[in-house]
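**Q** sequence plus the predicted model coming up.
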Amino acid sequence: MNFLAHSLISLEIDAKANQQTLYGNFSGDFYKGLIQNLNLADDLKSGVVLHRLIDKICDRQDSVTTRLLRENFGLYKGIVSDIMIDHFLAKHFQSLFGKELNAIQRDIFQRINQHQAIFPENFIPMFNWLTSRNALSSYADLNFLERVFLGMSSRVKKGEILRNAITEIRQNYTLLEEAAIQEFFTVKERVIREFG
């Protein structure tokens, strides 16, 4: 769900280690099964490995954001946390990374689009939606975020609870803002160390 956070970790790894993890990491939720059985080139498989590692670290018990969200969102705390992290990263992108988010978003979408011939079928509508809405930069807007949560609430089983996510974020904005940014950098540091 947190396409921006996943992409930023890949961009850093790819630049430092001359790898190509971005596509597999970005589309990782759409590749199921054992890594060795995926019909992907090895360099792209490494992105799916990275995606799964990020998700595993995000799901840990001591995650700051999921701990704050657990009581109100139960099983959906991870979804709320992921989307919320992308919101705060987008909102503070210039100050956190010293770059223009729209330029980074264009670069990410162009790099992903280079692999269009191998997109899993169920990834195509998601990627089209992300690009048509400039979603990575649009996550900075709470009204956009609210529409994302409303859309998801109708697509997942017992998803009505997601309709409360934007209210929770607004009511505890400063606390969640600090926790989300801290969580991203904690996860990024651990992932880079473990991914090697």
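**A** Arrived safely.
**Q** quick one: residues contacting K32.
**A** Contacts for K32 (C-beta atoms under 8 Å, 6 or more residues apart in numbering) come out as none. No exception for glycine: its C-beta is placed from N, CA and C like everyone else's.
**Q** longest helix in this structure, by number of residues?
**A** Of all the segments of type helix in the chain, defined by DSSP state H, the longest one is helix 173-195.
**Q** now that helix: how far from the chain's centre is it?
**A** Put simply, helix 173-195 sits 12 Å off its chain's centre (C-alpha atoms, centre = their mean, to the nearest Å).
**Q** packing partners for that helix?
**A** Contacting helix 173-195 under the criterion 3 or more C-beta pairs under 8 Å, 6 or more residues apart in numbering; DSSP states H and E are the following elements: helix 3-17, helix 42-58, helix 64-73, helix 77-91.
**Q** can you pull out the residues in contact with the helix or strand following the first one?
**A** Sequence-wise, the next helix or strand beyond helix 3-17 is helix 22-26, with elements assigned using DSSP states H and E. For helix 22-26, the surrounding residues in contact (C-beta under 8 Å, 6+ apart) are 3, 6-7, 9-11, 14, 31, 40, 44-51, 54, 108, 111-112, 114-115.
**Q** just give me how far helix 22-26 sits from the chain centre.
**A** In terms of C-alpha atoms, centre = their mean, the centre of helix 22-26 is found 11 Å from the chain centre.
**Q** how about the CA coordinates for the worst-scoring helix or strand of the chain on mean pLDDT, as PDB?
**A** Lowest on mean pLDDT, DSSP states H and E among the helices and strands of the chain sits helix 64-73, with a mean of 89. This file holds the C-alpha atoms of helix 64-73, laid out as PDB (Å, rounded to 0.1, in the frame of the first residue of the first chain):
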ATOM      1  CA  VAL A  64       5.600   2.700  16.500                       C
ATOM      2  CA  THR A  65       2.700   3.500  14.100                       C
ATOM      3  CA  THR A  66       1.000   0.100  14.200                       C
ATOM      4  CA  ARG A  67       1.200   0.200  18.000                       C
ATOM      5  CA  LEU A  68      -0.600   3.600  18.000                       C
ATOM      6  CA  LEU A  69      -3.300   2.300  15.600                       C
ATOM      7  CA  ARG A  70      -3.800  -1.200  16.900                       C
ATOM      8  CA  GLU A  71      -6.700  -0.400  19.300                       C
ATOM      9  CA  ASN A  72      -8.800   1.400  16.800                       C
ATOM     10  CA  PHE A  73      -8.000  -0.500  13.600                       C
END
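**Q** tell me the buried residues in it?
**A** Neighbour counts over helix 64-73 (16 or more other C-beta atoms under 10 Å) mark V64, T65, T66, L68, L69, R70, F73 as buried.
**Q** what's the farthest-apart pair in those residues?
**A** Pairwise distances across the buried residues of helix 64-73 (C-beta to C-beta) peak at 14.6 Å, for the pair V64 and F73.
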